[in-house]
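Undergrad: have a look at this fold, sequence not included:
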């Protein structure tokens, strides 16, 4: 990431050292202060969405425009047929095209490609290995951006780190990643990315979640390794009062029950009786006085976080979302500027 | 709107004086004669569509390009999840995000935002108060454009005024807004906007509609006030021969029965037997010889207007649609040029 | 196509002489070697898709960007209502707008329009006459591009010709267009366009297809006329061994049974027992040693072409797809550059 070292791909914050992340954040801040409206003139970003999007869809297009470039959007199933991802399959079902053709073709029309893949959601090992995203990434010979995969979301993590800096949360501050309620199981991408980001930043991180919703050991272990390198720590608990005591950040996120991965009925049984896992003002009695609330959005009001919190002074969710723009401008600049 | 007064928002033609509208139209004409391909260089327009669109979708993108800017499009439910609009709701249904998050976030990625909202279609008072659009507008701290709301469509109205000028329809000319048949109730946005526009232009306006389809009193009253200021007049009738006698413009539009607002069965009952409210050449026997036909489009051929009229010399519908482009270029220029 | 002769429309490769095609291909190659990033500055391409797309959608947007221009996309039924195409119809069904309004309006917002129409798929004579596309084309007074119609796909054909040149396939080489299996009847656009392209290039062309799947006489006749002018030849057979013997190119494509056009049940009956019409390595025993495989994509793996072929050295499908970009840049440049 130094001026002599160009970023080739942005797939996982864990591919970067702490110093490289700080360089990207410095670049983001510089581009906010000193716009470079022609830096990527004539460059094209292809955006491939296998899952719906709002912030990512809008902010990547805006980021390219702010740097003088352009983009196109492909959403299989929305004006484009479905793309098959399984290897070796006899394609006599719904999908008209395989990623083995579709992805290299799209890559050949642009200078960089962003892919939003998806969690398969049935086989945890398959998703933890990022099998689907890695199959796609192997097909791309251009700069590539992970716009969210089965268990990762590095653009969100970078924007979140920027937000923590802007909120003046100390490097060694206390950060709670809390499970919150949702009607159904959601993927592990954001909790895994936020946990790793906070650990790599050097924070004292607590994962707060009800029984049954512990994050997979592989995700916890990776975060602990990052914490060790950065001087932070990672622990987990189901005790809300203990977790929130003195915390400076509550990062709320919905996710599915690891031990019932892909089992919707068992997941639903496990989340019964957990509707009080909706962040309310009362949660902050023993937190740091100016404890902030973060969430990647979209958030369901009054199921995951109450109106009183989202509309109150603790909420940093708008800033997080806005920071997707400068964070991604930095990534695009590092990948594509000549 | 004078050079020293910049437009902040374009939400309702009624927010502008007659003179300010004329300045916008002069700007539109100037941009047609003297293109300014770099006026909005680097500027981004966000386009948020809660309802489908063809002209608005294409013409706003084209308008930004013609002025050197760019745009992105978000259509909740089309590659993006649904956005909840109700206040204080417990979000455990289909919508994944609330406008209270989604709209400020989108606004933070662009320099101006256009919103196409929708009529709730069940509670007339709610729609007449523009509750949904106003809730959204209150969340935007950037230049904002109403791309159609429950009872307004100022971009269409501005393009229609431009069209009347180009057709050399006198300021004090006779203008008939006529209800036409459609298989179901359509919103009041265009009839309300067209009526107000013609009144503000100073025309002698007649609203022609069958019994049961009178426009709401609030809409009629607002138009009468505009007419008073501009030297025009507003009346209504169910007598087609009387209305069309000597008219210079027939503006055709479909809308729902005010007295059955939100009651599809009663609305259907009221429109039974009204299929002869399809504009045909025979309607113009006693109109001015060169009486023109306007419609905002989309129009259903041979239900609302017959082929013989749409394909004949009276039709101004293509020009109206084209005029969306220069009219919106003027709005964007007034909102965004530095 | 010479500097004094500007292209007005790009609707059918048959509208061009062999020399004019060669000039377009030379322009494509020149734009690859010597980019012209401002050639179409400020120009707008409207893209209207009645059928889904991946390559066409992405490559036309990329092509405009590479030349400094811009584009907008309209996909009826995807954020836009359906457009009616039938003449004289009473529009009380699903479609809210007729092409007679929609298409001229879109054309008025841009400098050139691309239309992807569709095969009606029930009346062969109707589709062979290009009734739907021609009805639309008659409504456009701007440069127009056929992005695929009932029985044509000139952009694909131009990219395919470029690919053949790059693969150093001799002008008078042997070219087999082979029917391959698909779960249902697909349109005749690509087989008709590929056949005509190879004939116009001057190749010795064999159409290989099972009984019942002969191409319509009108398509075969047109190709024979082109072959006569260019020194090539056109024949057809159901004998795979005979067809493939010594061939240098196998162009695989799925299509419906001409004699059961629009009759899904009879078409399904005819394709029973034909699942061995999936291109496998064994097909090439007596072909030229370096025989290449082409397909326009999307392709269903292991039903139309086996993994072993698509992933092997014979496959030229990626290059064909990539060539859509420079081929279309040449078309846009010829249509729009001043």
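TA: Yep, that arrived. Here the structure is a predicted model, which means the values were calculated and not measured.
Undergrad: the residue of chain A positioned farthest from its centre: what's it in contact with?
TA: Distance from the C-alpha centroid of chain A, by CA atoms, centre = their mean, peaks at residue A:92 (34.2 Å). Listed by CB atoms under 8 Å, 6 or more residues apart in numbering or on different chains, the contact set of residue A:92 reads C:183, C:300, C:303. Every C-beta, even on glycine, is put in place using the N, C-alpha and C of the backbone.
Undergrad: any idea which residue is closest to the centre of chain A?
TA: Geometric centre of chain A, nearest residue: residue A:153, 2.7 Å, by CA atoms, centre = their mean.
Undergrad: give the contact list for the residue of the stretch 101-250 of chain A found nearest chain B.
TA: In the stretch 101-250 of chain A, the residue found nearest to chain B is residue A:183; the distance is 5.3 Å by CB to the nearest CB. Contacts for residue A:183 (CB under 8 Å, 6+ apart) come out as A:300, A:303, B:92.
Undergrad: with secondary structure and pLDDT as added columns, please give those residues in TSV.
TA: Converted to TSV, the contacts of residue A:183 look like this (DSSP: H, G, I helix; E, B strand; the rest coil; pLDDT from 0 to 100):
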residue	secondary structure	pLDDT
A:300	coil	97
A:303	coil	96
B:92	coil	90
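Undergrad: tell me the one of these nearest residue C:13?
TA: residue A:300 (53.6 Å; CB to CB).
Undergrad: test my guess that that closest one contacts residue B:100.
TA: No. Using CB atoms under 8 Å as the test, residue A:300 is too far from residue B:100 to be in contact (11.8 Å).
Undergrad: now do the shared contacts for those two.
TA: Shared contacts of residue A:300 and residue B:100 (CB under 8 Å, 6+ apart): none.
Undergrad: elements contacting the helix or strand of chain A with the lowest mean pLDDT?
TA: Every helix and strand of chain A was ranked by mean pLDDT, DSSP states H and E. The lowest is strand A:83-84, at a mean of 94. Using 3 or more CB pairs under 8 Å, 6 or more residues apart in numbering or on different chains; DSSP states H and E, the elements in contact with strand A:83-84 are strand A:97-98, helix A:99-108.
Undergrad: and the first one, how far out from the chain's middle?
TA: Using CA atoms, centre = their mean, to the nearest Å, the distance from the centre of strand A:97-98 to the centre of the chain it belongs to is 27 Å.
Undergrad: and the last one, by the same measure?
TA: Chain-centre distance of helix A:99-108: 24 Å, with CA atoms, centre = their mean.
Undergrad: could you check it against chain C for contacts?
TA: Yes. Using CB under 8 Å from any CB of the partner chain, helix A:99-108 reaches chain C at A:100-102, A:104-106, A:108.
Undergrad: now that helix: mean pLDDT?
TA: For helix A:99-108, mean pLDDT rounds to 97.
Undergrad: who are the packing partners of it?
TA: For helix A:99-108, the elements it packs on are strand A:44-49, strand A:83-84, strand A:112-116, helix A:131-137, helix C:55-66, helix C:317-336, judged by 3+ CB pairs under 8 Å, 6+ apart.
Undergrad: which secondary structure elements does the last one sit against?
TA: Contacts of helix C:317-336 with other secondary structure elements, assessed using 3+ CB pairs under 8 Å, 6+ apart, are made with helix A:99-108, strand C:9-10, helix C:18-33, helix C:55-66, strand C:112-116, strand C:144-146, helix C:154-166, strand C:292-294.
Undergrad: could these be laid out in CSV, adding mean neighbour count?
TA: Compiled in CSV, these are given as follows (neighbours: other CB atoms under 10 Å in any protein chain shown):
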stretch, mean neighbour count
helix A:99-108, 24
strand C:9-10, 20
helix C:18-33, 17
helix C:55-66, 26
strand C:112-116, 26
strand C:144-146, 24
helix C:154-166, 24
strand C:292-294, 23
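Undergrad: nearest to residue C:209, out of the ones you listed?
TA: Residue C:209 lies closest to strand C:292-294 among the helices and strands packed on helix C:317-336, at 16.1 Å (CB to CB).
Undergrad: next, see if that closest one gets close to chain A.
TA: No. Judged by CB under 8 Å from any CB, strand C:292-294 and chain A are separated, with a smallest distance of 12.6 Å.
Undergrad: ok, then the element right after that strand?
TA: Counting by DSSP states H and E, the next helix or strand C-terminal to strand C:292-294 is helix C:307-310.
Undergrad: mind listing what's buried along that following helix?
TA: Buried residues in helix C:307-310, counted by 16 or more other CB atoms under 10 Å in any protein chain shown: C:307, C:309-310.
Undergrad: how about the nearest residue to residue A:162, chain neighbours excluded?
TA: Spatial nearest neighbour of residue A:162, chain neighbours left out: residue A:323 (4.6 Å); criterion: CB to CB, 6 or more residues apart in numbering or on different chains.
Undergrad: could you export the contacts of residue A:92 as JSON lines, including distance to residue A:83?
TA: JSON lines is the format used below for the contacts of residue A:92 (distance: CB to CB, whole Å):
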{"residue": "C:183", "distance to residue A:83": "17"}
{"residue": "C:300", "distance to residue A:83": "12"}
{"residue": "C:303", "distance to residue A:83": "16"}
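Undergrad: what bits of the stretch 1-150 of chain A have low per-residue confidence?
TA: Filtered on pLDDT under 70, the stretch 1-150 of chain A yields the residue ranges A:1-5.
Undergrad: sorry, back to before: format the helices and strands packed on helix A:99-108 as a markdown table; extra columns: distance to residue C:201.
TA: Shown next, in a markdown table, are the helices and strands packed on helix A:99-108 (distance: least, CB to CB, whole Å):
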| stretch | distance to residue C:201 |
| --- | --- |
| strand A:44-49 | 31 |
| strand A:83-84 | 32 |
| strand A:112-116 | 33 |
| helix A:131-137 | 35 |
| helix C:55-66 | 21 |
| helix C:317-336 | 14 |
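Undergrad: fine, thanks again, bye for now.
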